[in-house]
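>>> Okay, predicted coordinates and the sequence, questions at the end:
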Amino acid sequence: MTRYAHFVGSLPRELMTSDLEVMQWFVEHSDGLRLTAVPRDLDSDWIVSYLRDREQHDDAFEVVRPGDFADYSDMPCYRVRPGRRLEPRHVSMGRVERIGEIISEFESLQRSHPELDGTRVQISQPNPLDLALFVFAGAAVSLGLPMGQALRHSSVVVTALRHLPVFVEAMLQEMTEVTVRHGDRVVWQVESPIATLGMVKAEQLRAQWALAPMLARQLASFLNRTHDIGAATILHLCYGDYQHKNLLTPRTLLPTVNLLNSTARLLRKRGTPLPAVHIPCAYGADPAPLEPNFYHPLRRLAPDWQLIAGVVSPDDVDGSVRALALFEQASGRTGYGVATACGLGRRTVEDARSAAAATVTTARANLGDSDSEVPEPRAEQAH
């Protein structure tokens with residue numbers, strides 16, 4: 001039995017060349033280990049290009065606070081122009097044809113790599129909640145998510161939530177069209193730093209009882225709707241990684257476990273299979289902790305999640321292997337996959353190579369000599 005290698009998606013800007021070359025990079029750096037999917041992200045900085053592109057829709061948006069993206073506190077903030085109605089076309093990611101081009105190149109890659117038969121292309125899909133909040137409420141974001149700043153900008157948070165349904169419809173329209181055309185070729189990585197960070201902040205404020213149900217309802221609702229259109233998904237959680245810095249530092253995995261357990265209950269109620277979930281354990285430039293207490297909450301995690309352990313640090317392979325052992329011991333299961341905590345886009349080229357090598361080494365650790373048996377993922381997800 002082996003674990004899969006999971007690459008979250010982004011690469012350093014210097015490596016973001018052609019579609020074929022980017023996907024080839026991941027295949028070549030997997031060292032023959034099976035991949036959950038082959039990523040092709042279009043932005044090494046997650047949604048920075050998306051935020052910049054809202055200015056192109058100046059018939060609907062106007063900038064109320066400029067930002068140059070130097071750090072979390074330097075994000076722009078938009079509002080809808082008075083008298084205008086926000087429509088899905090204003091917030092769409094506009095990638096349908098672009099994803100088609102990626103699929104065409106991936107099929108070419110598969111022809112030269114028969115081991116990729118049955119593997120899908122991984123397309124990052126930010127949770128609509130994250131997109132809405134970053135578009136309208138960038139002013140409320142800074143390191144530590146300070147409550148004072150959030151309260152000062154509470155009106156823009158309310159505005160983001162009011163417009164959230166438009167973002168949901170825009171994302172589902174694009175995902176539906178891609179799924180109709182290429183459904184058996186694509187797995188969507190649904191990414192929600194906001195859900196993860198919201199739970200960590202709620203734990204700090206002793207308010208998980210209030211926030212967990214709301215965040216879980218939104219996340220489960222989106223996953224239910226992606227299931228309804230036949231889209232395969234992997235869930236990616238995150239503590240933020242812009243400029244390779246995390247917005248918050250978790251003390252344990254309890255906030256993540258509470259979020260996932262609440263989400264699982266809602267998905268089961270609708271009969272939606274649980275996707276594989278990438279759980280970050282490292283954060284920012286910090287490696288995954290090696291204290292068992294950090295991982296103990298995984299004992300309470302719903303057993304039907306397939307887990308991707310985000311424990312890999314390119315600077316400490318031995319520590320990554322030890323962290324994986326703690327993760328699997330606490331969760332009571334062998335990881336479906338192994339990964340870094342986030343994408344590689346905010347790293348140097350050499351760091352990216354080291355991270356890929358560390359991922360492969362960690363995934364192969366403590367499983368014996370055989371790489372022949374590969375755990376089959378549920379049909380809902382990746383292959």
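Great, that's in hand.

>>> Near R85, how many other residues are there?
Under the neighbour criterion other C-beta atoms under 10 Å, R85 is assigned a count of 9. (Each C-beta comes from the backbone N, C-alpha and C, glycine too.)

>>> and it, which of the three is it?
coil (DSSP: H, G, I helix; E, B strand; the rest coil).

>>> Please name the residues that touch it.
Contacts for R85 (C-beta atoms under 8 Å, 6 or more residues apart in numbering) come out as A60.

>>> what's the pLDDT at it?
R85 is assigned 95 on the pLDDT scale.

>>> Need phi/psi at it.
Main-chain torsions, R85, degrees, to the nearest 10: phi -110, psi 120.

>>> next one: the one 4 residues further on
R89 adopts backbone torsions of phi -60, psi -20, taken as degrees, to the nearest 10.

>>> quick one: it and D59, what's the gap?
Distance from R89 to D59, counting by C-beta to C-beta, to the nearest Å: 10 Å.

>>> So which helix or strand of this protein has the lowest pLDDT on average?
Least confident helix or strand, the chain: helix 147-152 with a mean of 50, by mean pLDDT, DSSP states H and E.

>>> Can you give me the end-to-end span of stretch 199-219?
Terminal residues of stretch 199-219 are spaced 13 Å apart (C-alpha to C-alpha, to the nearest Å).

>>> Spatially, what comes nearest to L211 if we skip its sequence neighbours?
Using C-beta to C-beta, 6 or more residues apart in numbering and skipping the chain neighbours, the partner closest in space to L211 is A202 (4.0 Å).

>>> my guess is the one you found is in a helix, correct?
Yes. Per three-state DSSP, A202 lies within a helix segment.

>>> quick one: contacts for it?
Going by C-beta under 8 Å, 6+ apart, A202 touches 208, 210-212, 255.

>>> Repeat that for C342.
Contacts of C342 (C-beta under 8 Å, 6+ apart): 8, 238, 241, 280, 310.

>>> sec struct for it, please.
coil.

>>> before we move on, back to that, which among the contacts of A202 end up buried?
208, 211-212, 255 (16 or more other C-beta atoms under 10 Å).

>>> May I ask which two of these are separated the most?
Pairwise distances across these (C-beta to C-beta) peak at 9.5 Å, for the pair L211 and P255.

>>> intersection of neighbour lists for these two?
By C-beta under 8 Å, 6+ apart, the residues touching both L211 and P255 are 199, 202.
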